[in-house]
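Peer 1: kindly generate the corresponding structure for this input.
(4 chains)
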Number of protein chains: 2
Amino acid sequence: MRILLVEDEPEMVSALRAALKRHDMVVDHAGSLLEAEGFVAVDGYDAILLDRQLPDGDGLTLVPKLRAAGNTTPVLMLTARGDTADKVDGLDMGADDYLAKPFAFEELLARLRALLRRPAAIETQTIRAGHLSLDVGHREASIRGEPLALPRRELLVLEALMRRTGRMVQREALMEAVFGLDDEIQSNALDTHVSRLRRKLSEADGGVVINGIRGVGYLLRETT
Amino acid sequence: MRILLVEDEPEMVSALRAALKRHDMVVDHAGSLLEAEGFVAVDGYDAILLDRQLPDGDGLTLVPKLRAAGNTTPVLMLTARGDTADKVDGLDMGADDYLAKPFAFEELLARLRALLRRPAAIETQTIRAGHLSLDVGHREASIRGEPLALPRRELLVLEALMRRTGRMVQREALMEAVFGLDDEIQSNALDTHVSRLRRKLSEADGGVVINGIRGVGYLLRETT
DNA sequence: CTTTGAATGCGTATCCTACTGGTCGAGGAC
DNA sequence: GTCCTCGACCAGTAGGATACGCATTCAAAG
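Peer 2: The predicted model follows:
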């Protein structure tokens, strides 16, 4: 689950980033409109958290640009102002939801979950494969009802794979789903996580296997 | 634009109906959960406005039923209660948005418009031939839904051929598609890949054959 | 203590080369 | 027109080099 956070106030950034990370989301951060445009042009995010007050303009102006470019990523606007006229503006410009500061973080999360559910509305909140089930919203994996404790990175790998059960996930795509834009990772860290995940899944009899396909990527299959 | 309004208070109903009608929306009205289920089962709506307080129960209970039945119609919850915990519940049950009474009608409209802007189906370019299908974007081949693990080079051959199913692909063109501009290859490497691919396709009953035409190139045909 | 990324060594799938046998078609002799 | 011969091209198999992925270990970071 990849989120782009567009916000300039440092303490807000670190607070949100920490909170989102705690919910196992991969967060990229842009401090300005310009930066945000750069990120968005290159990458696919599951959602965008967008502050209105940015150093180089009103965050709201970003949304029509996105939509015009065919980008349908859900956008959740954040703002200090909270009156109705503002909300209407925001939503009409193409934002998908609108949240006024100060807000309860719980509400932010809930709205985010709602947004994230929509594009992939076909699947329910919980994805299943083999004896595995994954509650995407609450970040819980379980095997035959037994909860399975998974570290953050492994969970991200599993989620990315389960979202496409039985279908290919390109190595590159998986990298992005797990590490975001952290190019700093130059090792076989991904392989490591896949490996660890594999072991846990087989030990716990998850009813699935992760196939690796050389030069292409990975593929999670059910062992029926 | 067809809206299902699930609400029991008469004056609310008439007010909303009039207002929505003024914005060129077609409104069906259900006064109870039971009635709503009936409507939903039969008709396709673009969105559902759902009150929580209904004579025969909490409106919220309708949402999981819908989702379980594969219905992905956007749901906008209406409620008198407006605290965060309630919102979280509503959104987690699968509602797409949540609005507390009293609300500004403008905001309702704006949120509704946001919901109705459904994300376009994700374009995944898949080519088909015989029982074969190839997801070009994800670099994945499958036969009758069963994923077929193909190494990189073979996949490239297959892609190049499937892009021109039933038509000739010149040997030279195929070389370039598979090896790029690597002139370093001076052997019959291409033939070996074609050979391996042939075997896999026939073993897995792909419903296609690769014909070789002397002095010209290759040609993928469906064996119908 | 758990989690994570880097580093290491091993095993093997993949890929190119090389070789062999097969097929096709052109051209000439009858 | 028919048949034969020859050469070019193609299909398939085998083998070795390489790169890739896997598992594991280790140290640092939270």
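
Peer 1: can I see the domain layout of chain A?
Peer 2: Per automatic domain parsing, the structural domains of chain A span A:2-117, A:126-222.

Peer 1: select from these the stretch with the lowest mean pLDDT.
Peer 2: Averaged per stretch, pLDDT over the domains of chain A is lowest on domain A:2-117, reaching a mean of 80.

Peer 1: now do the helices in chain A.
Peer 2: In chain A, the helices defined using DSSP state H lie at A:10-22, A:33-42, A:62-68, A:84-92, A:105-117, A:152-162, A:171-179, A:189-203.

Peer 1: before we move on, the earlier item: now the domains of chain A in TSV, with mean neighbour count?
Peer 2: For every residue, glycine as well, the C-beta is placed using N, CA and C. Converted to TSV, the domains of chain A look like this (neighbours: other C-beta atoms under 10 Å in any protein chain shown):
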stretch	mean neighbour count
domain A:2-117	18
domain A:126-222	17
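
Peer 1: out of the helices of chain A, which gets nearest to DNA strand D?
Peer 2: For DNA strand D, the closest of the helices of chain A is helix A:189-203, at 3.2 Å, according to C-beta to the nearest atom of the strand.

Peer 1: closest residue of chain A to DNA strand D?
Peer 2: For chain A, C-beta to the nearest atom of the strand, closest residue to DNA strand D: residue A:212, 2.2 Å.

Peer 1: identify the residue spatially nearest to that residue, adjacent ones excluded.
Peer 2: Ranked by C-beta to C-beta, 6 or more residues apart in numbering or on different chains and with sequence neighbours excluded, the top spatial neighbour of residue A:212 is residue A:218, at 5.5 Å.

Peer 1: check whether stretch A:136-154 comes near DNA strand C.
Peer 2: Yes. Counting by C-beta under 7 Å from any atom of the strand, contacts between stretch A:136-154 and DNA strand C involve A:149, A:151, A:152, A:153, A:154.

Peer 1: contacting residues around the second one?
Peer 2: By that I understand residue A:151. The contact partners of residue A:151, by C-beta atoms under 8 Å, 6 or more residues apart in numbering or on different chains, come to none.

Peer 1: about what we covered before: near DNA strand D, from the residues of stretch A:136-154 next to DNA strand C?
Peer 2: Okay, of the residues of stretch A:136-154 next to DNA strand C, nothing touches DNA strand D (C-beta under 7 Å from any atom of the strand).

Peer 1: near DNA strand D, which residues of chain A?
Peer 2: Selection of chain A residues close to DNA strand D by C-beta under 7 Å from any atom of the strand yields A:171, A:188, A:191-192, A:194-196, A:198-199, A:212, A:214-216, A:218.

Peer 1: for the closest residue to residue A:12 other than its chain neighbours, what are its contacts?
Peer 2: Of all residues not flanking residue A:12 in the chain, residue A:51 sits nearest, at 7.7 Å (C-beta to C-beta, 6+ apart). Residue A:51 makes contact with A:6, A:7, A:8, A:9, A:12, A:59, A:77, A:78, A:79 under the criterion C-beta under 8 Å, 6+ apart.

Peer 1: quickly note the distance from the closest residue to the third one other than its chain neighbours to residue A:198.
Peer 2: Spelled out, that is residue A:8. Counting by C-beta to C-beta, 6+ apart, residue A:31 is the residue found nearest to residue A:8 once chain neighbours are left out, at 5.1 Å. Applying C-beta to C-beta, to the nearest Å, the value for residue A:31 to residue A:198 is 38 Å.

Peer 1: ok, residue A:189 next?
Peer 2: For residue A:189 relative to residue A:198 (C-beta to C-beta), the value is 15 Å.

Peer 1: and what of residue A:108?
Peer 2: According to C-beta to C-beta, residue A:108 and residue A:198 sit 34 Å apart.

Peer 1: which residues touch residue A:150?
Peer 2: So residue A:150 contacts A:141, A:158, A:197, A:200 (C-beta under 8 Å, 6+ apart).

Peer 1: which one of those residues sits closest to residue B:132?
Peer 2: For the contacts of residue A:150, the residue nearest residue B:132 by C-beta to C-beta is residue A:158; the value is 29.0 Å.

Peer 1: and the residue nearest to residue A:168 when sequence neighbours are not counted, what are its bridge partners?
Peer 2: Nearest residue to residue A:168 in three dimensions, chain neighbours excluded: residue B:140, at 3.4 Å (C-beta to C-beta, 6+ apart). Beta bridges link residue B:140 to residue B:135, judged by DSSP bridges.

Peer 1: what residues does chain A have near DNA strand C?
Peer 2: Contacts of chain A with DNA strand C, taken as C-beta under 7 Å from any atom of the strand, map to A:149, A:151-154, A:179, A:182, A:184-189, A:191-193, A:196, A:213-215.

Peer 1: can you list contacts of stretch A:196-211?
Peer 2: A:129-132, A:143, A:146, A:148, A:150, A:154, A:157-158, A:161, A:165, A:194, A:218-223, B:149.

Peer 1: contact partners for the residue nearest to residue A:35 when sequence neighbours are not counted?
Peer 2: In this structure, residue A:35 finds its nearest non-sequential neighbour in residue A:6, 7.9 Å apart by C-beta to C-beta, 6+ apart. Taking C-beta under 8 Å, 6+ apart, we find residue A:6 in contact with A:29-31, A:33, A:35-36, A:48-51, A:54, A:59, A:62.

Peer 1: the same query, at a cut-off of 7 Å, please.
Peer 2: Applying C-beta atoms under 7 Å, 6 or more residues apart in numbering or on different chains, we find residue A:6 in contact with A:30, A:36, A:48, A:49, A:50, A:51, A:54, A:59.

Peer 1: how close does the fifth one sit to residue B:96?
Peer 2: With distances defined as C-beta to C-beta, the gap from residue A:50 to residue B:96 amounts to 19 Å.

Peer 1: now swap in residue A:19 and tell me
Peer 2: Going from residue A:19 to residue B:96 by C-beta to C-beta gives 23 Å.
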